[in-house]
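Novice: Next comes the sequence, and after it the predicted model I'd like to discuss.
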Amino acid sequence: MSLHAVPLSGDFAAEVSGVDLRRSIDGVLSNKIEKLMDAYGVLVWRDQRLTDDQHMVFTRWFGPLDMGLLNVTKKPNRFNQDGFVDIGNVGSDGKVMPPDHRAVTSSLVNQLWHTDFLFLPTVAKYSILCAATVPDTGGNTEYADLRAGHDLLPHDLHSVITGKSGEHHALHSNALPPASWPLIRTHPGSQRKLVFASIQISRISGMSIPE
């Protein structure tokens, strides 16, 4: 198997081919994938028909799973492995849930700009999204390059947020206390600075709520 990456938008996002993720990978290949992630931030793999077990085997090459909100919400899981987050609109009975179902309405937050697990004290290394069923229209997932966001920040705004931290909430309750992260961080793999912001920020250090 030969790993091949084609950039999709400059140095942000690449389509990867030449590897069948259904087969077991090794340390050499996982290291190559990590280097591509450091370079591009998002990797797109097409037509990978993974079972839950195959998906999990691939996932575990990149570190232990962070259960995130699963530890708090105890949301029912359609999968045969713990650790998957079901963001679909299909219930555990296999039927499509109505639009006003609580599980569907709570997922609407995924339409807002966010970084996964930013509300935890240890941020996730990667997020892996697998589309089980692709609709004919809609359902697109959009990504933003937070490194480019930093590079393009106006000087005055850069000065305002430098040294400040954002307080991130997923649930405004005692079940999950907020986590604080610097608004500007250095990505450990690429050593590029990035803007670490999210819709989940409830306040910023040294700034009033209106600011």
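Specialist: All right, it came through fine. Residues are numbered from 1 along each chain as shown.
Novice: make it CA atoms for all contacts and neighbour counts henceforth
Specialist: OK.
Novice: list the contacts for Phe12?
Specialist: Ala39, Tyr40, Gly41, Val42, Asp145 (Cα atoms under 8 Å, 6 or more residues apart in numbering).
Novice: can you do 10 Å?
Specialist: Met37, Ala39, Tyr40, Gly41, Val42, Leu43, Tyr143, Ala144, Asp145, Leu146, Arg147, Ala148 (Cα atoms under 10 Å, 6 or more residues apart in numbering).
Novice: Could you do Val44 as well?
Specialist: Ala5, Val6, Pro7, Leu8, Ala13, Ala14, Glu15, Val16, Ser17, Leu129.
Novice: In helices, which of these fall?
Specialist: In this view, those have no member that belongs to helices under DSSP state H.
Novice: which of the residues you listed lies closest to Leu183?
Specialist: Ala13 (22.5 Å; Cα to Cα).
Novice: That closest one: neighbouring residues, count only.
Specialist: As a burial measure, Ala13 scores 22 neighbours (other Cα atoms under 10 Å).
Novice: Met37 is in contact with that one, correct?
Specialist: Yes - with contact defined as Cα atoms under 10 Å, Ala13 and Met37 form a contacting pair (8.5 Å).
Novice: Now do the shared contacts for these two.
Specialist: Shared contacts of Ala13 and Met37 (Cα under 10 Å, 6+ apart): Leu43.
Novice: surely Asp53 meets Gly83?
Specialist: No - counting by Cα under 10 Å, Asp53 does not reach Gly83; the two are 11.4 Å apart.
Novice: who's more crowded, the two?
Specialist: For Asp53 versus Gly83, the count of surrounding residues by other Cα under 10 Å is larger for Gly83: 16 against 13.
Novice: quick one, phi/psi of that one?
Specialist: Backbone torsions for Gly83, taken as degrees, to the nearest 10, come to phi 110, psi -20.
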